[in-house]
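Novice: need a 3D model of the sequence below.
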Amino acid sequence: MAESHFPPQEQDKQPGDEHRMHPEPEFIRDDYRGSDKLKGKVAIITGGDSGIGRAVALHFAREGADCAVVYLDEQRDAEDTKALVEAEGQRCLLIQGDVADSGFCREVVKQTRGAFGGINILVNNAAEQHDWDDVTQITDEQLQRTFATNIFSHFYLIREALPHLSAGDTIIATSSVNAFKGNKSLIDYSATKGAIQGLVRSLAQSLIDREIRVNAVAPGPVWTPLIPASFEEDKVESFGGQVPMNRAGQPSEMGPAYVYLASQESSYMTGQTIHLNGGVILNT
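Specialist: As a prediction, this is how the structure comes out:
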């Protein structure tokens with residue numbers, strides 16, 4: 001069971017460090033049993049060093065996939081994720097850089113293909129968020145940065161990966177509950193998540209004849225490094241209390257949804273979003 005409240009804590013830069021969190025998040029449940037749902041597949045996972053991205057990498061590995069883990073600069077967290085993936089008997093390629101840079105995204109695809117021979121699953125998960133009290137405080141620089149990280153990177157990586165995807169392959173985006181209900185202090189972040197929804201629905205239609213499926217997961221509050229790196233201590237302490245379950249989710253509760261969307265179990269699903277948000281009822 002996830003924590004209902006967390007000790008007050010802050011981190012001074014995004015996307016934050018997993019190993020500095022207390023308690024550290026849970027990535028995969030001990031009783032999760034893989035069944036080769038992704039055997040022989042190759043996945044690119046942005047923001048894969050920690051949080052939801054680490055959970056996705058670990059669940060994919062337990063299902064038989066090799067993983068290219070893309071991260072900004074959290075070297076220790078990335079190395080820990082690599083060790084966890086390799087402990088599942090799968091290969092893990094670490095690629096460090098900024099997904100807001102289209103040239104780097106081109107390199108991600110090139111390195112992944114070079115290491116593993118192909119690509120089957122693209123998980124666009126990397127994101128940043130900033131807590132603003134007033135929209136007039138959001139500078140041009142910050143606005144452009146948030147959009148570059150949270151939505152432009154999706155376009156960059158899809159553009160580079162798509163020529164190498166085939167029928168049965170999948171693209172998965174990490175959206176947010178805030179795309180559907182808004183958030184008064186995460187205005188630019190919520191706007192990017194809304195853009196992701198438009199991208200998923202449109203791209204799914206565009207690629208349906210190629211049998212490449214495009215879907216999203218929209219988490220509610222989840223205990224990841226982005227939380228202490230985004231909010232002041234009082235907000236961290238009460239994090240998760242805003243949803244009916246009165247607790248934050250754990251990355252381990254997100255990972256299986258990505259497995260479902262990446263596998264043939266979801267072969268009749270495209271252009272859709274799975275809502276893992278602690279009981280928030282949405283008009284979608």
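Novice: in three-state terms, label residue 218 for me.
Specialist: Following DSSP: H, G, I helix; E, B strand; the rest coil, residue 218 is assigned to strand.
Novice: my bad, residue 227
Specialist: Three-state assignment for residue 227 (three-state DSSP): helix.
Novice: hang on, it packs against residue 236?
Specialist: Yes. Residue 227 is within contact range of residue 236, at 6.0 Å (criterion: C-beta atoms under 8 Å). Backbone N, C-alpha and C define where each C-beta goes, glycine included.
Novice: any regions of the stretch 51-200 of the chain where pLDDT drops low?
Specialist: Of all residues in the stretch 51-200 of the chain, none has pLDDT under 70.
Novice: quick one, strands of it?
Specialist: Here the stretch 51-200 of the chain has its strands, by DSSP state E, counting those that start in this stretch, at 66-71, 92-96, 121-124, 170-174.
Novice: distance to residue 160 and mean neighbour count for those strands - can I get that in JSON lines?
Specialist: Shown next, in JSON lines, are the strands of the stretch 51-200 of the chain (distance: least, C-beta to C-beta, whole Å; neighbours: other C-beta atoms under 10 Å):
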{"stretch": "strand 66-71", "distance to residue 160": "12", "mean neighbour count": "28"}
{"stretch": "strand 92-96", "distance to residue 160": "13", "mean neighbour count": "19"}
{"stretch": "strand 121-124", "distance to residue 160": "9", "mean neighbour count": "29"}
{"stretch": "strand 170-174", "distance to residue 160": "12", "mean neighbour count": "26"}
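Novice: give me the pLDDT for residue 284.
Specialist: Confidence at residue 284, expressed as pLDDT, is 68.
Novice: sorry, slip of the keys, the one I care about is residue 34.
Specialist: Confidence at residue 34, expressed as pLDDT, is 98.
Novice: what residues are up against the closest residue to it other than its chain neighbours?
Specialist: Leaving aside its sequence neighbours, residue 34 sits nearest to residue 62 (C-beta to C-beta, 6 or more residues apart in numbering; 3.7 Å). Contact analysis of residue 62 by C-beta atoms under 8 Å, 6 or more residues apart in numbering lists 28, 32, 33, 34, 88.
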